[in-house]
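**Student:** The following comprises the amino acid sequence and a computationally predicted model.
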Amino acid sequence: MQLIRQSFPDRPGLNTAISTTILRRVAAGEMPPTIRIHRPGDEVAFGRQDVASPGYQRATQAAREAGFGAVERLAGGRAAVFHGGTIAIARAFPDPQPPKRTYARFEEVSGQIADALRALGVDARVGEVPGEYCPGAYSVNARGAMKLAGIGQRMIRGGAHVGGVIVASGAERIAGVLVPVYEALGLDWDPETSGSISGELGREVALEEVEDALIAELAKRHELVGAEIDPQTMEDAIAIAG
């Protein structure tokens with residue numbers, strides 16, 4: 001599996017475009033299975049249901065007023081937050097019949113994230129926390145009480161993308177921006193369910209620690225080959241991002 005670690009925190013739209021391009025190229029057989037682990041900037045990623053909501057424009061305005069960019073996410077789900085204390089994961093799978101393995105992909109990726117967090121000392125579990133933002137059966141939580149990671153999926157002909165965000169620190173920043181954003185979208189949630197790895201362990205957890213734990217878990221299951229974004233992928237992504 002190809003592992004890419006390049007980050008573009010100052011260009012949130014480009015990050016989504018890169019994931020879109022990698023998915024298309026993996027699905028077409030032009031690239032090997034690829035996972036990108038990177039550090040995003042401050043952004044709120046809105047799902048398709050959010051974009052269709054009557055309150056979408058007010059929600060994006062609320063995000064920007066809080067200092068966050070507003071982007072449309074590739075994977076499914078509702079609005080989620082990325083910031084400097086989070087790690088983003090984008091994995092592209094080749095699959096001739098992607099719907100048949102929807103749940104298997106969710107289980108694999110959520111399980112790997114939970115295992116990585118357990119290795120750090122977190123009581124990590126897979127499952128939805130009542131009242132969590134961007135709710136999902138394959139969220140990764142701590143103690144069944146605090147959401148630490150969210151996962152979404154997108155399928156196209158020939159492949160699938162599983163994307164996620166892991167919160168190393170800064171849970172309060174997520175709650176702070178999502179309160180007005182979710183209010184605009186007409187969504188109920190409990191800000192007290194927004195957690196972080198640092199909050200669970202009672203110390204500041206560096207992004208490098210989380211990245212290393214994730215890569216160690218991946219290496220148990222896959223042969224990882226370090227790579228950079230190739231010129232064609234970057235060119236296509238820039239064209240999409242505009």
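**Tutor:** In hand now; what should we look at?
**Student:** hmm, what's the outermost residue in the protein?
**Tutor:** residue 54 (24.7 Å; Cα atoms, centre = their mean).
**Student:** which residue sits closest to the spatially most central residue of the chain, ignoring its sequence neighbours?
**Tutor:** Nearest to the mean C-alpha position of the chain, by Cα atoms, centre = their mean, lies residue 164 at 2.1 Å. Distances taken as Cβ to Cβ, 6 or more residues apart in numbering place residue 151 nearest to residue 164, at 4.2 Å, with adjacent residues excluded. From N, CA and C alone the C-beta is placed, and that goes for glycine too.
**Student:** pretty sure residue 125 is in contact with residue 145, am I right?
**Tutor:** No. Using Cβ atoms under 8 Å, residue 125 is not in contact with residue 145, being 9.5 Å away.
**Student:** so how far is the helix or strand where the residue nearest to the centre of the chain lies off the chain centroid?
**Tutor:** Using DSSP states H and E, residue 164 sits within strand 159-167. Distance of strand 159-167 from the chain centroid (Cα atoms, centre = their mean, to the nearest Å) equals 5 Å.
**Student:** Just want to know which of residue 125 and residue 145 has more residues nearby.
**Tutor:** The residue with more neighbours, out of residue 125 and residue 145, is residue 125; 18 against 15, by other Cβ atoms under 10 Å.
**Student:** Got the confidence number for the more buried one?
**Tutor:** For residue 125, the pLDDT comes out at 98.
**Student:** With residue 207 instead?
**Tutor:** Residue 207 is given a pLDDT of 98.
**Student:** Ok, residue 12 next?
**Tutor:** Note on residue 12: pLDDT of 84.
**Student:** show me the contacts for it.
**Tutor:** 40-41, 43, 69, 71, 82 (Cβ atoms under 8 Å, 6 or more residues apart in numbering).
**Student:** that older thread, list the contacts of the residue farthest from the centre of the chain.
**Tutor:** Counting by Cβ under 8 Å, 6+ apart, residue 54 has contacts residue 186.
**Student:** From residue 186, how far off is it?
**Tutor:** 8 Å (Cβ to Cβ, to the nearest Å).
**Student:** Now do the helix ranked longest in the chain: everything it contacts.
**Tutor:** Using DSSP state H to define each element, the chain has its longest helix at helix 102-119. By Cβ under 8 Å, 6+ apart, the residues outside helix 102-119 that reach it are 89, 91, 93, 124-126, 137-140, 142, 148-149, 151, 153, 155, 160, 162, 164, 166, 197, 210, 213-214, 216-218, 221.
**Student:** Next, the angle from it to strand 159-167.
**Tutor:** 30 degrees (axes from the mean of the first three to the mean of the last three Cα atoms, to 10 degrees).
**Student:** Only the buried residues of helix 102-119, if you could.
**Tutor:** 105-106, 108-117 (16 or more other Cβ atoms under 10 Å).
**Student:** following that helix, which helix or strand comes up?
**Tutor:** Note on helix 102-119: by DSSP H and E, the next helix or strand toward the C-terminus is strand 124-126.
**Student:** so what secondary structure elements neighbour that following strand?
**Tutor:** On a contact count with 3 or more Cβ pairs under 8 Å, 6 or more residues apart in numbering; DSSP states H and E, strand 124-126 meets helix 102-119, strand 140-142.
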